[in-house]
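# dropping a prediction and its sequence here:
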Amino acid sequence: MRKIFVTPMVVCLFVLLHACEDEWFIEPIENNLVLKYNLSDYDLYQIPLAELTPDTNAFVYELNTALFTDYASKQRIIKLPKGQKLDVRNKSAIDFPDGTIIAKTFFYPENQQPNNQTRKILETRLLILEKGQWNVGVYKWNDSQTEAYLIENGAEVRMEQILPNGKAERFTYVIPSNSDCTTCHNKNSKVNPIGPKVSNLNVPHWEGSNNSQIQSWINKGYLNGSSLDELPKLPQWDNPNHLLSPRARAYLDVNCAHCHNPAGVASEWSLDLRYSTPYNQTGIQPLRYHIPERMESDWEDEVMPKIGTTLKHEEGIELIKAYINQL
């Protein structure tokens, strides 16, 4: 008979896993406005909608390090109320005027489609600022790619895509529910944007120029200010010109820290994965080997991220493994 020895670390991990599992049952944050049923009613894009050409007062933005979502491509836009501008607060946060809409559209381009199919747009997620509160909306695109319609309880789409390794993969793409969105965007029981913070928006050489994306926004009248050259900059996780540790910390910041921070839904884990947190305060050291294990896990109750992915991010896992091994 095979003997099983249970170490204190295994017991600790078991307790942490189940504590973390319980944390996902949080009260959803309700919207304070009624969302429109058709995506086209927001005038975010010119017609035809599927070309994703931003309409008046809307502009595309990029991030230094982006969230992984099953190898989907994303287009991100911000639409400001007429005559309004963005502000930078404390060199870290962006202040958005009431009425701002942040939209993120998920799609698979032609070169990821088997049998030379055309680009397939799956969903558009909205954050709408109304009376100081961010509201979430998820819109699922129709098969003809002419419109997207509001859904609240999520959806599943069967997909077959060509992955970066060249192999075709069949999987279920999960469009999140409103509750899923408010779970990840929850900070102190309020919905907050995740990606568009100053360090992640401070993209160098924007559109081939010598200016950063933020400086370009100032020049174009989207952002108040004159020069913001000394702002923090989040490294690009996949840029080999950056050192390993900053790249890995940037990846963890964007993919994990929205929950794993003192104000997030996984705060009881005592794991703070924000890039700005000094290493000795992150809690990474005692759990360092379990982070890549959970990223690789096939067990639904253990796998991380908990929400937002079906496929494993092989390149991200390799990055985190390399980082952990050099600690």
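Perfect, thanks for sending it.
# contacts, neighbours, all on C-alpha from now
OK.
# per-residue confidence at Gln117?
For Gln117, the pLDDT comes out at 69.
# could you do His18 as well?
Taking His18 on its own, its pLDDT is 42.
# could you pull up the residues touching the residue nearest the centre of the chain?
Closest residue to the average C-alpha location of the chain: Leu67 at 3.8 Å, with Cα atoms, centre = their mean. Residues in contact with Leu67, defined by Cα atoms under 8 Å, 6 or more residues apart in numbering, are 195, 254-255.
# columns neighbour count, secondary structure and pLDDT on top of those, output as a markdown table?
Formatted as a markdown table, the contacts of Leu67 follow (neighbours: other Cα atoms under 10 Å; DSSP: H, G, I helix; E, B strand; the rest coil; pLDDT from 0 to 100):
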| residue | neighbour count | secondary structure | pLDDT |
| --- | --- | --- | --- |
| Gly195 | 20 | coil | 93 |
| Val254 | 22 | helix | 97 |
| Asn255 | 24 | helix | 96 |
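# circling back to that earlier point, would you quantify the distance from the residue nearest to the centre of the chain to Glu27?
To Glu27, Leu67 is 24 Å away according to Cα to Cα, to the nearest Å.
# re the thing from before, quick check: phi and psi on the residue nearest to the centre of the chain?
phi -60, psi 140 (degrees, to the nearest 10).
# correct me if wrong: Gly225 contacts Ile218.
Yes - using Cα atoms under 8 Å, Gly225 is in contact with Ile218, at 6.3 Å.
# neighbours of Glu51, how many?
11 (other Cα atoms under 10 Å).
# er, Ile291 I mean
17.
# tell me how far it lies from Ala322.
For Ile291, the distance to Ala322 - Cα to Cα - is 12 Å.
# so what pLDDT did Ile29 get?
88.
# so what's it up against?
179, 182, 189-191.
# now Arg158
170-173 are the contacts of Arg158 under Cα under 8 Å, 6+ apart.
# tell me who's in contact with Ala168.
So Ala168 contacts 114, 160-162 (Cα under 8 Å, 6+ apart).
# try 6 Å this time
161-162 (Cα atoms under 6 Å, 6 or more residues apart in numbering).
# who does it bridge with?
Ile162 (DSSP bridges).
# against Leu35, how distant is it?
37 Å.
# just checking, Glu160 touches Tyr173?
No - contact criterion Cα atoms under 6 Å: Glu160 and Tyr173 do not qualify, at 9.6 Å.
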